[in-house]
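Trainee: Okay, structure incoming, though there's no sequence with it:
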């Protein structure tokens with residue numbers, strides 16, 4: 001091994017603890033809703049130590065992403081970019097629930113319905129400027145169902 005190469009910090013041990021929580025988030029229409037604090041509360045309540053958190057949204061017209069939490073302009077620009085990638089007037093065949101329905105499905109495919117975040121010492125190992133967002137792709141407010149699953153070690157305290 002080259003002396004300039006730094007070995008990564010490694011923690012190893014049994015993954016004998018799990019915590020699963022379901023919670024709902026009210027959206028106000030298109031945009032990003034920060035769910036980081038709800039997820040962090042689930043980890044605390046579930047006795048999480050070190051491991052992996054998987055978050056899943058149970059819908060096909062909403063999604064999850066990890067993005068910058070400092071500048072609201074980033075969130076607005078992301079919504080605008082998704083609108084350009086999946087415009088309403090693209091001639092979609094599926095429009096059973098309105099003109100925003102199929103574009104919402106496409107946006108969900110592009111951004112994904114789950115995220116995975118390492119958990120260290122019971123805390124989300126997000127970067128300084130990162131947060132977990134539920135992305136609403138429909139025009140109307142919705143109640144969205146999310147499932148959080150932690151697997152790893154139990155907290156020591």
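Mentor: Perfect, thanks for sending it. Small disclaimer: the values here were computed from a predicted structure and weren't measured.

Trainee: Quick one: the helices in the chain, in order.
Mentor: Ranges of helices within the chain are 36-45, 72-85, 101-111, based on DSSP state H.

Trainee: and the longest one with helix 101-111, angle?
Mentor: In this case it means helix 72-85. Angle of helix 72-85 versus helix 101-111, following axes from the mean of the first three to the mean of the last three CA atoms, to 10 degrees, is 120 degrees.

Trainee: Which elements pack onto helix 72-85?
Mentor: strand 31-34, strand 62-68, helix 101-111, strand 130-136 (3 or more CB pairs under 8 Å, 6 or more residues apart in numbering; DSSP states H and E). To be clear about C-beta, it is placed using only N, CA and C from the backbone, and glycine gets the same treatment.

Trainee: Need the contact partners of that helix.
Mentor: With contact meaning CB atoms under 8 Å, 6 or more residues apart in numbering, helix 72-85 is reached by 30-32, 65, 67-68, 103, 106-107, 110-111, 133, 135, 137.

Trainee: Dump those to CSV, plus neighbour count.
Mentor: Shown next, in CSV, are these (neighbours: other CB atoms under 10 Å):
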residue, neighbour count
30, 18
31, 16
32, 23
65, 16
67, 17
68, 16
103, 23
106, 17
107, 24
110, 15
111, 19
133, 23
135, 28
137, 28
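
Trainee: beta partners for the closest residue to residue 38 other than its chain neighbours?
Mentor: Nearest residue to residue 38, sequence neighbours excluded (CB to CB, 6 or more residues apart in numbering): residue 23, at 5.8 Å. When assigned by DSSP bridges, residue 23 has beta-bridge partners residue 146.

Trainee: and residue 23, how many neighbours?
Mentor: 14 (other CB atoms under 10 Å).

Trainee: Spatially central residue (nearest the centroid) of the chain, please.
Mentor: residue 64 (3.5 Å; CA atoms, centre = their mean).
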